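*Asks:* Need coordinates for the following:
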Amino acid sequence: MSSADDATPRSAPLEPAGVFERVGGMEAFEQLVEAFYTRVETDEVLRPQYPDDLTPGKRHLAMFLAQYWGGGDVYSSERGHPRLRMRHAPFDVTPEAALRWAQHMSAAIEQLRFPSDVEALLLAYVQRATPTLINRLPDDVVELPSDDARPTDG
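*Replies:* So this is what the prediction gives:
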């Protein structure tokens, strides 16, 4: 996982399915999840949404990430299809909570000093995936604008 891996010549860009092997397998994802959860444990917005025992969640997240990044069906063989939106529905994933999740995960990724191509893929995933899990708007958003409320060019 060191930056020295950056000097390895590559004939083609790294594909997501190749990340698992490139970072050294499941252990790398377990380390990533530990680094992430260390931050969650002290976050006043996120921590209350997690159960007292973080161990099962850590395992599930490590398996999910490992599967997504090329580690085989380690998650789905035990837990079924990830169904991320459904699994997160009971939690208040507000824009603030999503942003904090993304900040903590990004910091954990950067902490582990993955090769630059791996880090770029992981960070891009965090940026892409985070907004899709928002399921609660802040209380001050009473009503979303309708199509009728949009300004027209004319």
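*Asks:* Would you mind listing the buried residues in stretch 12-24?
*Replies:* Buried residues in stretch 12-24, defined by neighbour count with 16 or more other Cβ atoms under 10 Å: 18-20, 22-23. Just so you know, the C-beta spots here come from the backbone N, C-alpha and C atoms, and that holds for glycine as well.
*Asks:* Quick check: end-to-end length of that stretch?
*Replies:* With Cα to Cα, to the nearest Å applied, stretch 12-24 spans 19 Å between its terminal residues.
*Asks:* got a list of contacts for that stretch?
*Replies:* With contacts defined as Cβ atoms under 8 Å, 6 or more residues apart in numbering, stretch 12-24 is touched by 1, 5, 26, 29, 66, 68-71, 114-115, 117-118, 121-122, 125.
*Asks:* can you rerun that using 6 Å?
*Replies:* Residues from elsewhere that reach stretch 12-24 (Cβ atoms under 6 Å, 6 or more residues apart in numbering): 1, 66, 69-71, 117-118.
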